[in-house]
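**Student:** Sequence plus predicted model, see below.
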Amino acid sequence: MPIADSIREALGSASLIRKMFEEGNQLKKQYGPDRVFDFSIGNPDIEPPPAFHRVFTKLAKEDKKGSHGYMPNAGYPEVREALAEKVSREQGITLNGSHIIMSVGAAGGLNVVLKAILNPGDEVIVSRPYFMEYRAYVANHGGRLREVDALPDFNLNIRAIQERLSQKTAAVLINSPHNPTGRIYPAGTITELAEVLQSWGRASGRLPYLIADEPYREIAYTTQVPPILCAYNASVVVNSYSKSLSLPGERIGYIAVSPLNQDTEELLNALIYTTRILGFVNAPALMQRIVAALTFARVDVSVYERRRDAFKQVLDAAGIRYAEPEGAFYLFCQVPKGDDRAFVDHLKQYRILGVPGSGFGTPGWIRFAYCVDEKHIQASASAFKQAMETW
Ligand SMILES: Cc1ncc(COP(=O)(O)O)c(C=O)c1O
């Protein structure tokens, strides 16, 4: 049976990661899951906080009449009001419920935003390395990804972004805390980027959107993630509860639009419409009510911080260099001489799994996810050492 050419092509290029996943499963069958050091997948293993279970049980028991019906595509008005308060605190500007659209995770939110703003051939600028799904999300809606290398410390390279701007630029898409490096972009960088985009908008007559993908906002160790919505008029934040409440399977998130935007109302109407026509219709009903009651809750971030420190010790002992993560739960490591895919294959012989940097547009690097038990990280130390001795 025929499938679309574009999908066939995408399936072909994604096969490396699929192959790795399958090989990982094979290794686990062969040696037992505890003897395979699987740092490949960013799937939070910490359980949701106890408050989640309390609210979940309470709401399930209440089972109010009508609570499973269709609702406005943007979500329940009272949920949007509750989230507007939380987002106003985080983003340094006052929002009301109308500025929030509930989404099916951050992935759903990003697709809704891109569908709403892209004309065919429009460009979206991203900083390389970047979350590998961005390419497909942009292509889904007729856009083209334009990649710009980050600075050596993985901060945004504002000059390079400036040089990439063109009449076709619909948006700059940033992600902080960053997957795969754990970098948090400083407030000064955001201000600089906003100034560059404003002046480009004035000169060209086309003000690009700034889309901030923030599912790791709450997973920040020492620095807070600077606000976006107060810094730039045409800004949109996409967030979710996949990491902050460990609910990736529940697919709940939101889009927040800056009230400073001249065309806020038109954009909001577009986002509501694209939520509908992409087939999401609305974000999951029960989860909306739950997250509205949990605006102050989050997972215990110190658990991730301890794992990060344990992993750093393992890497230091093995002589592997990495970018210092300020948030999220990834360590992006420099492949000590040679090809990242070959290094990933080499590590597999020692039952260590990671993702090659090529998958994020940056060959020569490898990503390890530390959403696994601290003991498991510590237990990987001798495997890492042996692997390095034979590399
Ligand atoms: C940078 C980034 N953006 C978006 C997503 C999608 O998150 P969600 O589960 O909220 O759709 C992920 C998931 O890992 C991610 O790492």
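**Tutor:** Sure thing, it's come through.

**Student:** Could you tell me which residues of the chain lie near the ligand?
**Tutor:** 42, 105-107, 131, 175, 179, 213, 215, 240, 242, 248, 253 (C-beta under 6 Å from any ligand atom). Just so you know, the C-beta spots here come from the backbone N, C-alpha and C atoms, and that holds for glycine as well.

**Student:** right, and Thr189 touches Asn155 too?
**Tutor:** Yes. Using C-beta atoms under 8 Å, Thr189 is in contact with Asn155, at 5.8 Å.

**Student:** Could I get the residues of the chain next to the ligand in a markdown table, plus columns for distance to Glu123?
**Tutor:** A markdown table is the format used below for the residues of the chain next to the ligand (distance: C-beta to C-beta, whole Å):
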| residue | distance to Glu123 |
| --- | --- |
| Gly42 | 27 |
| Gly105 | 25 |
| Ala106 | 21 |
| Ala107 | 21 |
| Phe131 | 17 |
| Asn175 | 17 |
| Asn179 | 22 |
| Asp213 | 17 |
| Pro215 | 23 |
| Ser240 | 25 |
| Ser242 | 27 |
| Pro248 | 29 |
| Gly253 | 25 |
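
**Student:** what bits of the chain have low per-residue confidence?
**Tutor:** 14-18 (pLDDT under 70).

**Student:** List phi and psi for Glu123.
**Tutor:** Dihedral pair for Glu123: phi -110, psi 150, per degrees, to the nearest 10.

**Student:** go on, Gly105?
**Tutor:** phi 70, psi 180.

**Student:** picking that back up, ok, the residues of the chain next to the ligand vs Lys348, which is closest?
**Tutor:** Relative to Lys348, the closest of the residues of the chain next to the ligand is Gly42; by C-beta to C-beta it sits at 18.8 Å.

**Student:** which residue sits closest to that closest one in space, ignoring its chain neighbours?
**Tutor:** With C-beta to C-beta, 6 or more residues apart in numbering as the criterion, Gly42 has its nearest non-adjacent residue at 4.6 Å, and that residue is Ala369.

**Student:** Let me know how buried the one you found is, in neighbour terms.
**Tutor:** 23 (other C-beta atoms under 10 Å).

**Student:** Surely it and Asp45 touch.
**Tutor:** No. Ala369 lies out of contact with Asp45 (C-beta under 8 Å); the separation is 9.8 Å.

**Student:** could the residues of the chain next to the ligand go into a markdown table alongside secondary structure?
**Tutor:** Formatted as a markdown table, those follow (DSSP: H, G, I helix; E, B strand; the rest coil):
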| residue | secondary structure |
| --- | --- |
| Gly42 | coil |
| Gly105 | helix |
| Ala106 | helix |
| Ala107 | helix |
| Phe131 | coil |
| Asn175 | strand |
| Asn179 | coil |
| Asp213 | strand |
| Pro215 | coil |
| Ser240 | strand |
| Ser242 | coil |
| Pro248 | helix |
| Gly253 | strand |
